[in-house]
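Peer 1: sequence below, structure please.
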Amino acid sequence: MTRKNQAITLSIEERDKKALENLAMEFGQTWGTSKPNISKLLKTIARNELKIVANHDWTPQRINALEQARKTLLDQGFCGEAEEIAQILQERSELTLQFRHEIEKFLQKPRPIWRQNIENFIKRQQPFRLCYQDVAERQWNFTVLHGQLRLIEQHQYLVCTCDETEGNQDIAPLQHNWTFRLDRIQDAVVNPVKFQWQSNLDLINVEFKVLRGLAFAYAKEEPKIDDVLVGEIEGDPPQRIVTRQIWSTFWFFREIAKYLNDCEILSPDSMREKFKTKVQDVSEKYKL
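Peer 2: Numbers count the residues shown, from 1 in each chain. Below you'll find the predicted structure:
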């Protein structure tokens, strides 16, 4: 003899019933495979197999921290991770209408296929052919043997070592390295090629001296990831010698240009001469 299930009657509006049906479908509580089963959903909740948690108790600080993390990940090229955080934010009820609209707009805009391909090839360490047109409508073709996505001065770049060197004005050991600002690539074709993936960018060691206040400040700042050796302070005026691995004279010169009176490149000679030429060119512009 079987015992009949006890029944209860729910008095809910049609929109609430529809919401429960949507939840039943979302969590797989169905009749068969396609019809939502509200009774099954409620039973699962009652048995604590589905937990009900508050969706309105996050502080503005937590929301802002997640949004900052989303933007930072996006700037650094981790688009998939940024989308995951956006999905989390979208599910919260604390968002303002304007912020919710911004998140939804971000999620609705798919990443370009070429951008996804670049990310995938870098993760798989697969050399690839990059063909694109820049904002000046010039056609470029490169065979990328090593690539990294880097955030430089608040913009995202593809930093890479390529088979091609034509047009590169860097010193000889670094002429295979290129830097492409991704938001200036309107469209691109990215295809795999049968080359050997290079373990890193082409690099050289540069030795330079920092003097006076910069010598003291250098040790207090966050350590530079590419510094190989940071010497002790010595001499008068106070100075310390730093050895750093660099992949681009352009970006290195751009950094030390802020400290012209307190920084001197010591070696290699090619770096020293190139920087001296740049300083002389600037000086010529101010001669009467």
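Peer 1: so what strands line up beside the helix or strand harbouring residue 205?
Peer 2: For residue 205, the host element (DSSP states H and E) is strand 204-211. Sheet partners assigned to strand 204-211 using DSSP bridges are listed as strand 239-246 (antiparallel), strand 263-267 (antiparallel).
Peer 1: any idea of the mean pLDDT for it?
Peer 2: For strand 204-211, mean pLDDT is 93.
Peer 1: returning to what we had before: make CSV from the strands paired with strand 204-211 and add mean neighbour count, mean pLDDT and distance to residue 79 to it.
Peer 2: The C-beta positions use only the backbone N, C-alpha and C, and glycine is treated the same way. Listed next are the strands paired with strand 204-211 as CSV, based on neighbours: other C-beta atoms under 10 Å; pLDDT from 0 to 100; distance: least, C-beta to C-beta, whole Å:
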stretch, mean neighbour count, mean pLDDT, distance to residue 79
strand 239-246, 18, 92, 28
strand 263-267, 17, 91, 36
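Peer 1: format the ones you listed as CSV; extra columns: distance to residue 179.
Peer 2: What follows is these, written out as CSV (distance: least, C-beta to C-beta, whole Å):
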stretch, distance to residue 179
strand 239-246, 12
strand 263-267, 20
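Peer 1: count the residues that sit near residue 39.
Peer 2: Neighbours of residue 39 under the rule other C-beta atoms under 10 Å: 15.
Peer 1: ok, it - contacts?
Peer 2: Residue 39 makes contact with no residue, according to C-beta atoms under 8 Å, 6 or more residues apart in numbering.
Peer 1: assign a three-state SS to it, would you?
Peer 2: Using DSSP: H, G, I helix; E, B strand; the rest coil, the structure places residue 39 in helix.
Peer 1: before we move on, what about residue 218?
Peer 2: Residue 218 - assigned by three-state DSSP - is helix.
Peer 1: ok, now which ones touch the closest residue in space to it that isn't next to it in sequence?
Peer 2: Sequence neighbours aside, residue 210 is the residue nearest to residue 218 in space, at 5.3 Å (criterion: C-beta to C-beta, 6 or more residues apart in numbering). Contact analysis of residue 210 by C-beta under 8 Å, 6+ apart lists 218, 239, 240, 242, 259, 262, 263.
Peer 1: residue 127 now?
Peer 2: 121, 143, 144, 145, 192, 193, 194, 195, 196, 197.
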